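Undergrad: task: produce atomic coordinates for the following.
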Amino acid sequence: MDMPDFSETDDRARQAMLEQAERELRETLEKMPHEISLILFTDLVINEPFNQATRQVIRAIRELSPKIGLREFNLGHEMALKHHALYAPTLLFDPENYHIRWLGAPMGKEGLTFVEALRMIGYGQTGLSQESLKILKKIQEPRDIKIFVSPSCPYCPQQAVNALKAAIEKPEFITLEIIDVQANPDLAEKYAAFSVPVTYANEVLIAQGAQPEELFLSSLEKMEQQTIYIPESDAEQVETDLVIVGGGPAGLTAGIYAVRSGLKTAILEKGALGGQVATTPEVDNYPGLTSVGGKALVDLMVSHALEYVQIFQGEPVVDIQPGEPIEVVTTRRKFLTRAVLMATGANHRPLGAKGENRFSGKGVSYCATCDGPLFKGKRVLVVGGGDSAVTEALHLHHMGVKVSLVHRRGSLRAQEQLTKNLSANNIPVLWNTEVKKIDGEKRIAEVLLYNNKTQETTSLPVEGVFVAIGYEPAVELAKKIGLELTAGGFIKRDGRHRTNLPGVYSAGDVEGGFKQIVTAAGMGAEAALSIFEDLSNPYWKREGADAAAG
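TA: Okay, here's the model as predicted:
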């Protein structure tokens, strides 16, 4: 019997998605009320691959809409002097009205940022929330924003779009440079931007990593990184049957199943949708897909979920008050709901070595997909012995990074196929070795290694350390509202995903288990179906009635 060609099926599905996206983009650009003038500065010698890539992207966009104009000049031209263009490529967006420039090529994940910039300028609308506009109104002095991004970083578009919104809404005070670290390694070095996204304003570091919209603007207004934003007035109130906290595979799947069961549902996600999957280079053997990029799989999940459920991205939950209804408060609004599903996932486990915090973002990284391109040709260590660590090491190796794996034991926990790939690519493994100290001046220069078998301590010169030693459950909110935890620190629940608080459930990596995408999705579906059944006949009311009768 002939076996189906899954790769051909995958290709057809991807092609259909691309064609649909192109149709939607064409329609969006054609309806823009304003024309957009782009000026591109290039050089015949400097960064020619990036120059060419920028031309190709703009050419493709211009074929979709006649409302986008382009003029190109060499860096030696008088126009470059007029606009203070020093790097190639430099792209200016509608310079008569805004002060926005892109140093590099809008490729990869940053293609989304480029399209968003065109859309916001073309329509003259940024979509900033009322709370964000209130913060922006307070800025009455110049803000020169520099945001460092990478085409391979799934978190960068969120932060870059935040900055674009500010620069478009308030061009009289706000200027913006989006700097591609791959095209401008010298600037990345100068600003120690080794873990993107990194944001500066007036040469002051105001953010490391992506932020929700209000937090970004609050950081910009106060000129220092903010970790929480509390609205000055009551946010909009939303009534719903189920609030899902977390937009990873468990949360997204639960949203689909809950709505299909008839529950009005909202998903709240404080950061990037997809959780850890979004930063996974390759996902192997997810049912129906032999191999797929983590971000591509997330995009499929999110697109599917959006057909059913409303997603509130960039909304950290600051409080949950049990009751009837349960109150869920985010940085933007209040939700009144009958049930809550905690699908908060897990965060990268820190190494605990001396110097780790000091060099975080300055050589210490937890995401090879995001930061790997910055270390091409440089020597780095990947710390860990599981699937994630070996996958990260292979990914870095194929980028041209000189990578070695450090593992505290004498054998790896990773799948056999991954370990074979590690050996086949001649990636060195330092067995029975622990990283005790990370040292340097402005960035990492060396690490202190301890061999727990020979008890010898050695120093090794490296320029980066990628930590991949597993995850810790994200239970800060769970602990705050009084959920019981297991001995391992995960949310304690019964066989129907019920926690100790009536109406509050859990699903996914925050419960522990195998930490596989497919199992997280399965747990999300299970939890949603349990919630539907319980809301139809609440178990806590049944138990109360039984107790009263007894």
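Undergrad: pLDDT score assigned to residue 547?
TA: For residue 547, the model assigns a pLDDT of 50.
Undergrad: repeat that for residue 5.
TA: We have a pLDDT of 53 for residue 5.
Undergrad: distance of the residue positioned nearest the centre of the chain relative to residue 301?
TA: Nearest to the geometric centre of the chain sits residue 155, at 3.3 Å (C-alpha atoms, centre = their mean). To residue 301, residue 155 is 17 Å away according to C-beta to C-beta, to the nearest Å. The C-beta positions use only the backbone N, C-alpha and C, and glycine is treated the same way.
Undergrad: residue 533 too?
TA: The value you get for residue 533 to residue 301, if C-beta to C-beta is used, is 24 Å.
Undergrad: so between these two, which is more surrounded?
TA: residue 301 (23 against 13; other C-beta atoms under 10 Å).
Undergrad: got the buried residues for stretch 236-246?
TA: Under the neighbour-count criterion of 16 or more other C-beta atoms under 10 Å, stretch 236-246 has 238, 240, 241, 242, 243, 244, 245, 246 buried.
Undergrad: closest to residue 323 out of the residues you listed?
TA: Among these, residue 243 lies closest to residue 323 (C-beta to C-beta), at 13.3 Å.
Undergrad: going along the chain, name the helices of the stretch 51-200 of the chain.
TA: Per DSSP state H, counting those that start in this stretch, the stretch 51-200 of the chain has helices spanning 78-82, 110-123, 130-138, 156-169, 185-190. These are given in chain order.
Undergrad: most tightly packed of those?
TA: helix 156-169 (a mean of 25; mean count of other C-beta atoms under 10 Å).
Undergrad: from the contact counts, what lies against that helix?
TA: Under the contact criterion of 3 or more C-beta pairs under 8 Å, 6 or more residues apart in numbering; DSSP states H and E, helix 156-169 touches strand 100-103, helix 110-123, helix 130-138, strand 143-149, strand 174-180, helix 213-222.
Undergrad: that one to strand 174-180, inter-axis angle?
TA: 150 degrees (axes from the mean of the first three to the mean of the last three C-alpha atoms, to 10 degrees).
Undergrad: for the record, mean pLDDT for helix 156-169?
TA: Helix 156-169 comes out at a mean pLDDT of 96.
Undergrad: pull the helix or strand with minimum mean pLDDT from the protein.
TA: helix 539-549 (a mean of 61; mean pLDDT, DSSP states H and E).
Undergrad: on that earlier part again, relative to residue 413, which of the helices and strands packed on helix 156-169 is closest?
TA: Of all these, strand 143-149 comes closest under C-beta to C-beta, at 33.6 Å.
Undergrad: burial count for residue 474?
TA: Neighbour number of residue 474 under other C-beta under 10 Å is 22.
Undergrad: residues near the residue nearest to it when sequence neighbours are not counted, how many?
TA: In space, and not counting its chain neighbours, residue 474 is closest to residue 344: 4.1 Å by C-beta to C-beta, 6 or more residues apart in numbering. By other C-beta under 10 Å, the residues close to residue 344 number 30.
Undergrad: how much space separates the closest residue in space to residue 444 that isn't next to it in sequence from residue 391?
TA: In space, and not counting its chain neighbours, residue 444 is closest to residue 363: 3.2 Å by C-beta to C-beta, 6+ apart. For residue 363, the distance to residue 391 equals 20 Å [C-beta to C-beta].
Undergrad: swap in residue 47?
TA: In terms of C-beta to C-beta, residue 47 sits 30 Å off from residue 391.
Undergrad: the more surrounded of the two?
TA: For the pair residue 47 and residue 391, the greater number of neighbours falls to residue 391 (26 against 21), based on other C-beta under 10 Å.
Undergrad: does the more buried one touch residue 417 like I think?
TA: No: at 10.9 Å, residue 391 does not count as touching residue 417 under the criterion of C-beta atoms under 8 Å.
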